[in-house]
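Undergrad: Sequence plus the predicted model coming up.
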Amino acid sequence: MSKQIELPVVVKAFIKATNDHDGNAFIHCFSSDAMVNDFARNFIGADAIRKWSDKEMIGDKVTFAVDEVIEHYGDFMITALTDGNYDKSKSPDPTYLDYFFTVKGDKIVKMIVIKNKEKSARV
């Protein structure tokens with residue numbers, strides 16, 4: 001029997017902000033000096049993260065359905081079925097992404113996003 005992992009409040013807020021396409025709530029989840037790595041592209045600081053998210057997360061109306069959660073030494077990995085209005089010509093169908101979160105206090109300080117090859121249809 002597997003135990004239920006309780007996500008930090010800020011990660012739950014991130015998921016809600018993403019699914020609600022709420023840019024202000026989205027950026028509020030991150031510390032001012034947070035780092036996001038999205039498919040080997042770094043975005044450091046709130047301004048860079050907002051610019052990226054306004055276009056590629058909020059702007060593309062990305063949705064996020066949690067499939068699996070792992071907690072490891074205080075960090076969290078969420079595998080999520082991810083969809084949206086982005087160019088899907090090079091994306092597997094369905095697309096599962098792994099989101100790795102480091103949280104300090106009540107803010108996300110690091111998020112890394114990579115494709116989950118095992119669950120995505122096309123490798």
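TA: Received the coordinates, thanks.
Undergrad: Give me the nearest residue to K16, chain neighbours excluded.
TA: Spatial nearest neighbour of K16, chain neighbours left out: A25 (7.2 Å); criterion: Cβ to Cβ, 6 or more residues apart in numbering. In short, each C-beta sits where N, CA and C put it, glycine included.
Undergrad: ok but the one you found is inside a strand, no?
TA: No: assignment of A25 by DSSP: H, G, I helix; E, B strand; the rest coil gives helix, placing it outside any strand.
Undergrad: what's the distance between it and H72?
TA: For A25, the distance to H72 (Cβ to Cβ, to the nearest Å) stands at 26 Å.
Undergrad: Tell me which of these two has more neighbours.
TA: A25 (15 against 8; other Cβ atoms under 10 Å).
Undergrad: how much space between the residue nearest to K16 and I108?
TA: 12 Å.
Undergrad: The most centrally placed residue in the chain pairs with what?
TA: Residue closest to the average C-alpha location in the chain (Cα atoms, centre = their mean): Y99, at 4.8 Å. Beta-bridge partners for Y99, by DSSP bridges, are I78, V113.
Undergrad: got it, and the one 5 residues further on?
TA: Residues found in beta-bridge contact with K104 (criterion: DSSP bridges) are K107.
Undergrad: what about it, neighbour count?
TA: 12.
Undergrad: wait, isn't it in contact with S32?
TA: No: using Cβ atoms under 8 Å as the test, K104 is too far from S32 to be in contact (11.9 Å).
Undergrad: where does this protein have low pLDDT?
TA: 1-3, 122-123 (pLDDT under 70).
Undergrad: The same query, at a cut-off of 80, please.
TA: 1-3, 121-123 (pLDDT under 80).
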